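# Take this sequence and fold it.
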Amino acid sequence: YQRRVRGKSASIDAEKAMISKLKTECGANFTNKLEGMFKDIDLSKDINDSFAQSKEKDSLKKGLDLHVYVLTTGYWPPYTPENLSLPAELTQHREAFTKFYLAKYSGRRLVWQNSLGHCTLKAFFPKAKKELSVSLFQTVVLVLFNDAEELTFKEIQELSGIDDSKGELKRTLQSLACGQIRVLIKEPKGPQVAETDVFKFRRDSVSYTHLTLPTKRI
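You can find the predicted model right below:
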């Protein structure tokens, strides 16, 4: 299911054909949720196309391509909404989509699933420009370094709003500073992240190109 909201399905047609076979063999009740997932994906494409032509979209700063998957509660696995302090530009895009959607579908409510969001960033390093495909949590951490030379763990936690009670912020920083490809420099060096660590970006800056934000409608 995560492949679908991340656009990584090898073949949508092949998956739909498999669901059709399962429905024939096992009955409609067996495939009800799977069919609902595909309906959500197809409907989300239409909603995003409409949003792209809307006055809410026209009011936004150009250069960021927002795509939202509107997922029906009941078809998809349950997720606990994670708090996140989005940068102003991302907040503006999300609020614009919310305003557009609720005007089109009155009486509904959207719950944003930050843990499923992902983003493509343009990163400007000293020797080259790269595109980074990262989670929304990683995105929020990285763009903090557009305005700071270095940040402590505590500062990143406060600015990003990422809850670390279950280790989410440590995992996010570890993926950026301790993996095979290191976008952040961690002091002191080591494979684990501690609350006393300090982080720097391998610099110059990052900017958004594409953002995907799943949300559940209630």
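# Check the gap between residue 49 and residue 100 for me.
Between residue 49 and residue 100 the computed distance is 12 Å (Cβ to Cβ, to the nearest Å). (Glycine included, C-beta is placed from N, CA and C.)
# Name the residue in these two with the higher neighbour count.
residue 100 (18 against 9; other Cβ atoms under 10 Å).
# Contact partners for that one?
By Cβ atoms under 8 Å, 6 or more residues apart in numbering, residue 100 lies in contact with 50-51, 54, 56-57.
# Where neighbours are concerned, which of these has the most?
For the contacts of residue 100, the largest number of neighbours (other Cβ under 10 Å) sits with residue 51, at 19 neighbours.
# in terms of contact, does it touch residue 97 like I think?
Yes: at 5.9 Å, residue 51 counts as touching residue 97 under the criterion of Cβ atoms under 8 Å.
# circling back: show only the entries of the contacts of residue 100 found in helices.
Under the assignment DSSP state H, those contribute 50-51, 56-57 to helices.
# and which of those residues is nearest to residue 63?
Nearest to residue 63 among these, counting by Cβ to Cβ, is residue 57 at 12.6 Å.
# so what's the closest one up against?
Residue 57 sits next to 51, 96, 100 when contact means Cβ under 8 Å, 6+ apart.
# With residue 150 instead?
Neighbour list for residue 150: 198-200 [criterion: Cβ under 8 Å, 6+ apart].
# List the beta-bridge partners for it.
Residue 150 has the following beta-bridge partners by DSSP bridges: residue 200.
# Does residue 180 fall in a helix, a strand, or a coil region?
coil (DSSP: H, G, I helix; E, B strand; the rest coil).
# Counting neighbours, what do you get for it?
4.
# Relative to residue 191, how far out is it?
Residue 180 sits 12 Å away from residue 191, going by Cβ to Cβ.
# how near is residue 75 to residue 112?
Taken as Cβ to Cβ, the span from residue 75 to residue 112 is 17 Å.
# Looking at these two, which one has more neighbours?
Neighbours were counted for residue 75 and for residue 112 using other Cβ under 10 Å; residue 112 has more, 20 against 17.
# Which residue, other than its chain neighbours, is closest to the more buried one?
residue 215 (4.8 Å; Cβ to Cβ, 6 or more residues apart in numbering).
# Quick check: bridge partners of the one you found?
According to DSSP bridges, beta-bridge pairing links residue 215 with residue 70, residue 112.
# and it, what does it touch?
68-71, 110-113.
# Of those residues, just the buried ones, PyMOL syntax please.
Provided next is the PyMOL selection string for whichever of the contacts of residue 215 are buried by 16 or more other Cβ atoms under 10 Å:
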select buried, resi 68+69+70+71+110+112+113
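# With distance to residue 170 added, can I get the contacts of residue 215 in TSV?
Formatted as TSV, the contacts of residue 215 follow (distance: Cβ to Cβ, whole Å):
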residue	distance to residue 170
68	29
69	27
70	31
71	28
110	29
111	25
112	23
113	21
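# What is the neighbour count of residue 174?
Look at residue 174: counted by other Cβ under 10 Å, it has 16 neighbours.
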